[in-house]
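K.L.:
Got a predicted structure here, sequence first:
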Amino acid sequence: MPPMPPRPAIVWFRDDLRLSDQQALTAAIETGAPILAIYIFDEKSPGLRAPGGATRWWLHHSLTSLARSLERIGGRLDILTGPSLPLLLDLARAADAQAIFWTRRYGAAEIAIDKQAKAELSDAGILVRSLNGQLLHEPWEVQSKLGDFYRVYSPFWRAAQARPEPAPPLPAPSKMKAAVWPKQAPKTVALDRLNLLPTKPDWAGGLRDTWQPGEAGAQARLEAFLDNRIGQYASLRDRPDQPGTSFLSAHIRHGEISARQIYHATKHAQHQHGLPARDCDKFIAEIGWREFAHHLLYHFPDLRSRNFQSKFDAFPWRDPQAQELSAWQGGQTGYPIVDAGMRELWQTGTMHNRVRMIAASFLVKDLLIDWRIGEEWFWDTLCDACPANNTASWQWVAGSGADAAPYFRIFNPVLQGQKFDPHGAYVRKYVPELAKLPDPWIHQPWDAPETVLKQAGIELGRDYPKPMVDHSRARDRALAALATTKTDMA
DNA sequence: TGAAATGTTGGGGCG
DNA sequence: ACGCCCCAACATTTC
């Protein structure tokens, strides 16, 4: 009788598409079992939110990159599509798997799936291990003295930082053994069959020019940031006209790099090169905002659909006209900084953080359009669209969120432009029809004298729209509407 | 992780 | 020389 083949271990990849600091993969390899590394593209399980267009594009390339990396060390990535739970159970049964490993997720539907999978696989006698590869601290580990979760960022982050430092990241495994795909197992599909890439039309040109999805691209971004820019992070992070940020968000979103890798690399660079603590802390605090958003999502599962502060439930949102929505989406509001941001988003799959706040504030406060509608658009167009960050941030801007912007904090798109894009370089890049307008008018073309406009080759209303609302009046309208939320109407 | 309105101060022009 | 006014510039309050 031939010897029994060793029972394989399954590694279920999800939002952790990397090999370094990959606890699930590392733990699986340590069992000594041959490995089935899988990714499940799941559009069938109830409650799961389908990825948006930009995220789908990113995912395609990230999976390509992950598959190559696995092959390089003797492994293989198999892709399945369909409802996660039955696929997993069928695979585990067909493979006679001894164990399964995955990185935890924090959305409600994801947690429900993972919970049930854990129960059913355990019942089938399979070792199930879920690991934290996403966050510096688990949401249930950061609590106030009363045992409640934090609703304000600063105390949250203070408490998180008072906890033991996250463990140092794991090195990428250098070798693994792929298990043969079992005969009775669900059919794998080729990546192309998932149709993640746009075809008619192919709008991804700007994305290809901007990004290198995958672990190598993530590491390159981190290195460039720590070598060149972090020393001025605190002062330049708000400047969309300069490359002051890390450009890591979409890599983080797909788990091509982990929070603790970033944390430790930053600390290391700080001490190695004597970088200012102010800049390093500020950068790590942004990882802290991401932690906070995940923490909120975990404790408030309806973050996408419900106001975190219920007093916003009665807010008098306007019914958006198709035309004003498309003006905002297409970067035709007549406010240059808003339009530059929305066009950057459409072209590149990202938007500078400062400009996200300005553009979001414009939709919510100047147009009085429900934050959920803006969130949907960002979900579809951002490569870093994340169930935690995108929702928490939109609620923050709207004022309905945790540690929200106060109701009276309304961004003035002209002042914000002048302050953070002082020479208009960012506007000129994404709103080229304004390129010839001199600095003093670049953020308020409607105030430019006729001769100046003529010289710049602009006729307002023809070459570039007149402002779709008057900000000063829109502000008054927003304050009046927001006044209704001041008193709790519960 | 604002902005606008209102209040205060101080220097210069001017009678 | 002196007081008054004007108005930046800055500070404080309010939305």
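P.N.:
Cool, got the structure.
K.L.:
Break chain A down into its structural domains.
P.N.:
Domain segmentation of chain A under automatic domain parsing yields A:1-133, A:135-168+A:215-299, A:310-483.
K.L.:
Using CSV, please lay out the ones you listed together with mean neighbour count, distance to A:V180 and mean pLDDT.
P.N.:
In short, each C-beta sits where N, CA and C put it, glycine included. Shown next, in CSV, are these (neighbours: other Cβ atoms under 10 Å; distance: least, Cβ to Cβ, whole Å; pLDDT from 0 to 100):
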stretch, mean neighbour count, distance to A:V180, mean pLDDT
domain A:1-133, 19, 8, 97
domain A:135-168+A:215-299, 18, 26, 97
domain A:310-483, 19, 35, 96
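K.L.:
Relative to A:L197, which of the ones you listed is closest?
P.N.:
Smallest distance to A:L197 across the domains of chain A (Cβ to Cβ): 5.3 Å, for domain A:1-133.
K.L.:
And for stretch A:327-336, what's in contact with it?
P.N.:
Contact with stretch A:327-336 is made by A:326, A:338-343, A:346, A:359, A:362-363, A:367, A:369, A:374, A:377, A:413-414, A:417, A:424, A:427, A:430-431, A:434, A:442-446, A:464-468, A:471, as judged by Cβ atoms under 8 Å, 6 or more residues apart in numbering.
K.L.:
what's the span of it, first residue to last?
P.N.:
End-to-end distance for stretch A:327-336: 12 Å, by Cα to Cα, to the nearest Å.
K.L.:
how about the domains of chain A in JSON lines, adding distance to A:P182?
P.N.:
Below are those laid out as JSON lines (distance: least, Cβ to Cβ, whole Å):
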{"stretch": "domain A:1-133", "distance to A:P182": "4"}
{"stretch": "domain A:135-168+A:215-299", "distance to A:P182": "27"}
{"stretch": "domain A:310-483", "distance to A:P182": "32"}
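K.L.:
May I have the residues that are in contact with A:A425?
P.N.:
Contacts here follow Cβ under 8 Å, 6+ apart; on that basis A:A425 touches A:D241.
K.L.:
Look up how far A:V397 lies from it.
P.N.:
According to Cβ to Cβ, to the nearest Å, A:A425 and A:V397 sit 25 Å apart.
K.L.:
And A:K419, by the same measure?
P.N.:
A:K419 is 17 Å from A:V397, by Cβ to Cβ.
K.L.:
Looks like A:P34 contacts A:K177 (just checking).
P.N.:
Yes: using Cβ atoms under 8 Å as the test, A:P34 is close enough to A:K177 to be in contact (4.6 Å).
K.L.:
Regarding A:W102, what is its secondary structure?
P.N.:
Following DSSP: H, G, I helix; E, B strand; the rest coil, the label given to A:W102 is strand.
K.L.:
Just give the nearest non-adjacent residue to whatever residue of the stretch 1-150 of chain A ends up closest to DNA strand B, would you?
P.N.:
Across the stretch 1-150 of chain A, no residue is closer to DNA strand B than A:Y150, which sits at 13.5 Å (Cβ to the nearest atom of the strand). For A:Y150, ignoring the flanking residues on the chain, the nearest one in space by Cβ to Cβ, 6 or more residues apart in numbering is A:F156 at 3.6 Å.
K.L.:
looking at this, that neighbour is in a helix?
P.N.:
Yes: remark: A:F156 belongs to a helix, assigned using three-state DSSP.
K.L.:
I'd like to know which of the domains of chain A is closest to A:G205.
P.N.:
Closest to A:G205 of these is domain A:310-483 (Cβ to Cβ; 8.5 Å).
K.L.:
hmm, the closest one touching DNA strand B?
P.N.:
Yes: shown here: domain A:310-483 in contact with DNA strand B (Cβ under 7 Å from any atom of the strand) through A:353-354, A:357, A:405, A:408-412, A:415-416, A:419, A:471-472, A:475.
K.L.:
what subset of these is also close to DNA strand C?
P.N.:
Restricting the residues of domain A:310-483 next to DNA strand B to those near DNA strand C by Cβ under 7 Å from any atom of the strand leaves A:F408.
K.L.:
and the two most separated of the residues of domain A:310-483 next to DNA strand B?
P.N.:
Maximum pairwise distance among the residues of domain A:310-483 next to DNA strand B (Cβ to Cβ): 25.8 Å, between A:N353 and A:S472.
K.L.:
can I assume A:L345 is in contact with A:L382?
P.N.:
Yes: counting by Cβ under 8 Å, A:L382 is a contact partner of A:L345 at 6.8 Å.
K.L.:
circling back: mind checking which of the residues of domain A:310-483 next to DNA strand B land in helices?
P.N.:
Secondary structure from DSSP state H places A:353-354, A:357, A:415-416, A:419, A:471-472, A:475 of the residues of domain A:310-483 next to DNA strand B in helices.
K.L.:
Just the closest residue of the stretch 51-200 of chain A to DNA strand B, please.
P.N.:
As assessed by Cβ to the nearest atom of the strand, DNA strand B sits closest to A:Y153 within the stretch 51-200 of chain A, at 5.8 Å.
K.L.:
oh sorry, the question was meant for the stretch 151-300 of chain A
P.N.:
Closest residue of the stretch 151-300 of chain A to DNA strand B, Cβ to the nearest atom of the strand: A:W289 (4.8 Å).
K.L.:
Now do the strand or helix carrying A:S130: everything it contacts.
P.N.:
Assignment of secondary structure by DSSP states H and E places A:S130 within strand A:127-131. With Cβ under 8 Å, 6+ apart as the test, strand A:127-131 has contacts from A:23-24, A:27, A:98-104, A:114, A:117-118, A:121-122.
K.L.:
Could you single out the nearest of the residues you listed to A:K145?
P.N.:
Relative to A:K145, the closest of the contacts of strand A:127-131 is A:R104; by Cβ to Cβ it sits at 25.4 Å.
K.L.:
Now do the nearest residue to that closest one once chain neighbours are set aside against DNA strand C, distance only.
P.N.:
Nearest non-adjacent residue to A:R104, counting by Cβ to Cβ, 6+ apart: A:S130, 5.1 Å away. Relative to DNA strand C, A:S130 is positioned 45 Å away (Cβ to the nearest atom of the strand, to the nearest Å).
K.L.:
Give the bridge partners for A:S130, please.
P.N.:
Bridge pairing for A:S130 (DSSP bridges) gives the partners A:W102.
K.L.:
Show me what secondary structure element comes after the strand ranked longest in chain A.
P.N.:
Assignment by DSSP state E gives strand A:35-41 as the longest strand of chain A. The helix or strand immediately downstream of strand A:35-41 is helix A:53-72, counting by DSSP H and E.
K.L.:
Could you give the separation of stretch A:378-390 from the chain centroid?
P.N.:
With Cα atoms, centre = their mean, to the nearest Å as the basis, stretch A:378-390 stands 5 Å off its chain's centre.
K.L.:
contacting residues around that stretch?
P.N.:
Here stretch A:378-390 has contacts from A:49, A:51-55, A:57-58, A:106-107, A:207, A:211, A:213, A:249-250, A:252-253, A:289-290, A:293-294, A:296-297, A:303-304, A:345-346, A:349-351, A:356, A:360, A:375, A:394, using Cβ under 8 Å, 6+ apart.
K.L.:
at 6 Å instead, please
P.N.:
With contact meaning Cβ atoms under 6 Å, 6 or more residues apart in numbering, stretch A:378-390 is reached by A:52-55, A:58, A:107, A:249-250, A:253, A:290, A:293-294, A:297, A:345, A:349-350, A:375.
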